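Undergrad: got a predicted structure here, sequence first:
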Amino acid sequence: MSRTRVLPGKHGRRTFLRTAAAAAPLLWTGAPAILRAAAGKPTDVRIEQVTFGFEDFAYRTPIKFGGNVVDRVTLLNVTCRVKTRDGRSGAGTGSMPMGNVWAWPSKQLSYDQTLDAMKALATRVKTLMEGYGQTQHPVDIAWALESEYVKAADAVIKAGKLPEAMPKLCALVTASPFDAALNDAFGRVHGVSTYRTYGIDFMTHDLSRYLGKDFRGEYLDRYVQPTPKPRMPLYHLVGALDPIEDADVQKRIGDGLPETLPEWIRHNGLTHIKIKLNGSDLDWDVERVVRVDRVTAATQQPRGVAEWVYSLDFNEKAPNEQYLLDFLARVKQRSAAAYDRVQYVEQPTARDLRANPANVMHAAARLKPVVADESITDPDSLLLARERGYSGAALKACKGQSQALLIGAMAQKHQLFLCVQDLTCPGASLVHSASLSAHVPGVSGIEANARQYVPAANKGWEKTYPGLFTFTDGTVDTSILKGPGLSTPPPSA
């Protein structure tokens with residue numbers, strides 16, 4: 001794919017706007033001043049009102065990733081009201097953990113400082129959405145406003161006199177529940193699942209507007225299923241601090257939930273296990289995988305389970321590709337069965353691919369799919385990851401519903417391995433993440449880490465979504481995620 005095409009990064013968007021400005025008069029004077037390129041569809045909506053609030057929960061047990069320990073979460077909950085061209089109104093909801101430690105792993109700022117900056121950005125995102133003023137499809141609104149969110153993040157940093165910029169990934173996470181609420185409202189106002197609104201009947205533009213000429217004549221419905229897969233395997237997380245066997249438990253939590261890996265396997269009927277790794281201690285990483293495999297095998301044998309898989313997550317801590325190659329070779333030497341069970345490896349090295357051009361994955365990707373996660377913040381970055389040898393992409397609802405679908409379309413075009421990962425999403429945010437997983441072809445499973453680390457935030461959801469929050473056969477019932485909207489609870493719930 002040519003790198004000179006117009007893509008939805010900042011340069012591509014500026015090029016599009018200059019072209020549009022030369023061809024058409026300014027149609028509105030609000031901020032930001034984005035031009036329309038087409039007359040639109042009768043189904044388009046205008047944002048009328050946006051409201052939001054926060055919820056705080058303590059973790060049942062801490063989780064460690066990227067060298068940081070997290071023991072709490074703040075949820076950002078959003079409601080968005082829209083109006084159609086013919087005057088019909090509808091509202092939708094969105095929710096997402098703010099995930100500041102993951103989205104903004106700062107060495108200069110404290111947890112509270114990064115969280116407060118994200119909260120300040122949320123206020124600006126609300127203002128931008130309410131001031132947008134145009135009547136469009138949600139994907140077009142998100143495409144137009146994304147660069148404005150990044151500018152707003154810069155303004156938050158300036159206003160707070162903070163010593164470092166907010167990463168784009170952090171801005172995307174902050175904006176994601178707003179985009180979810182908009183997409184949810186769009187489906188609800190039309191009385192259908194939002195996943196049925198990504199074709200020519202609802203979208204003014206084909207994918208070439210966002211992804212380049214190779215997508216001319218194609219719409220998102222080519223890469224999105226209108227109905228969900230009926231069931232999907234659940235990926236269980238073994239964090240770096242989590243006990244594997246009874247001998248690892250220093251003091252039991254005693255809340256009735258499982259605490260060791262065998263207990264979780266039997267409780268949920270697990271066949272998919274995600275293992276967090278260190279990335280700076282090869283001996284520890286190899287031993288962790290071999291030990292997890294040994295304990296899992298001993299637990300599965302009396303259950304009559306012969307097949308299960310692992311994903312391995314280094315959270316960017318591996319120094320280079322050679323570390324990963326050495327790791328895989330040693331795992332294979334210690335346990336060929338454990339090696340064979342590795343389904344994919346996630347984001348082994350630093351997320352900033354432009355700043356780390358030596359971090360290629362060509363050789364490793366010939367052994368196992370290597371998935372980019374934190375590295376992907378727009379379609380341009382997906383193309384860069386592919387050039388560097390990454391053979392897969394992690395979709396995340398916390399980067400935005402609209403962007404996740406565009407990234408998913410590009411990944412499918414290039415035949416990349418696909419997975420959807422959550423941000424320890426509870427409640428409505430898990431429903432959203434699971435729905436994304438169930439509607440994108442090729443996605444390998446569902447993560448639901450909140451049931452392990454913050455079950456308090458899931459209370460009450462079992463009754464509304466049976467099979468999505470409780471399960472015993474290692475799979476999640478996604479057949480219920482048929483809408484309306486994104487299948488999340490309506491604003492009145």
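TA: All right, it came through fine. These numbers were taken from a predicted model, which means no experiment stands behind them. Numbering: from 1, shown residues only.
Undergrad: need the longest strand for the protein.
TA: strand 45-65 (DSSP state E).
Undergrad: how far does that one sit from its chain's centre?
TA: Strand 45-65 has its C-alpha centroid displaced from the chain centroid by 14 Å (CA atoms, centre = their mean, to the nearest Å).
Undergrad: ditto for stretch 419-426
TA: With CA atoms, centre = their mean, you get 6 Å for stretch 419-426.
Undergrad: average pLDDT for that stretch?
TA: Average pLDDT, stretch 419-426: 96.
Undergrad: okay, buried residues for the longest strand of the chain please.
TA: V45, I47, V50, F52, F57, Y59, R60, T61, I63, F65 (16 or more other CB atoms under 10 Å). C-beta coordinates here come from the backbone N, C-alpha and C atoms, glycine included.
Undergrad: likewise stretch 117-132?
TA: 117-122, 124-126, 128-130, 132.
Undergrad: list the contacts of that stretch.
TA: 30-32, 34, 47-52, 54, 76, 80, 98, 100, 103-104, 109, 141, 144-145, 148-149, 152-153, 155-157, 159-160, 162, 166, 170-171, 173-175, 178, 182 (CB atoms under 8 Å, 6 or more residues apart in numbering).
Undergrad: rerun at 6 Å
TA: 30-31, 47, 50, 52, 98, 100, 145, 148-149, 152-153, 156, 174-175, 178 (CB atoms under 6 Å, 6 or more residues apart in numbering).
Undergrad: so who does the spatially most central residue of the chain touch?
TA: The C-alpha lying nearest the average C-alpha coordinate of the chain belongs to K396 (CA atoms, centre = their mean; 1.2 Å). Neighbour list for K396: Q421 [criterion: CB under 6 Å, 6+ apart].
Undergrad: distance of it relative to P167?
TA: 14 Å (CB to CB, to the nearest Å).
Undergrad: ok now stretch 426-443, how far from the chain's centre?
TA: Per CA atoms, centre = their mean, the centroid offset for stretch 426-443 relative to its chain is 9 Å.
Undergrad: one step back: state the next helix or strand along the chain beyond the longest strand of the chain.
TA: Next along the chain after strand 45-65, taking DSSP states H and E as the criterion, comes strand 68-84.
Undergrad: so that following strand versus strand 45-65, what angle?
TA: Per axes from the mean of the first three to the mean of the last three CA atoms, to 10 degrees, the angle that strand 68-84 makes with strand 45-65 is 170 degrees.
Undergrad: and strand 68-84, which strands flank it?
TA: strand 45-65 (antiparallel), strand 89-97 (antiparallel) (DSSP bridges).
Undergrad: now the longest one: mean pLDDT?
TA: The average of the pLDDT scores along strand 45-65 is 96.
Undergrad: thinking again about what came up before, in strands, which of the buried residues of stretch 117-132 appear?
TA: Among the buried residues of stretch 117-132, no member falls in strands (DSSP E).
Undergrad: so which of the residues you listed sit within helices?
TA: 117-122, 124-126, 128-130, 132 (DSSP state H).
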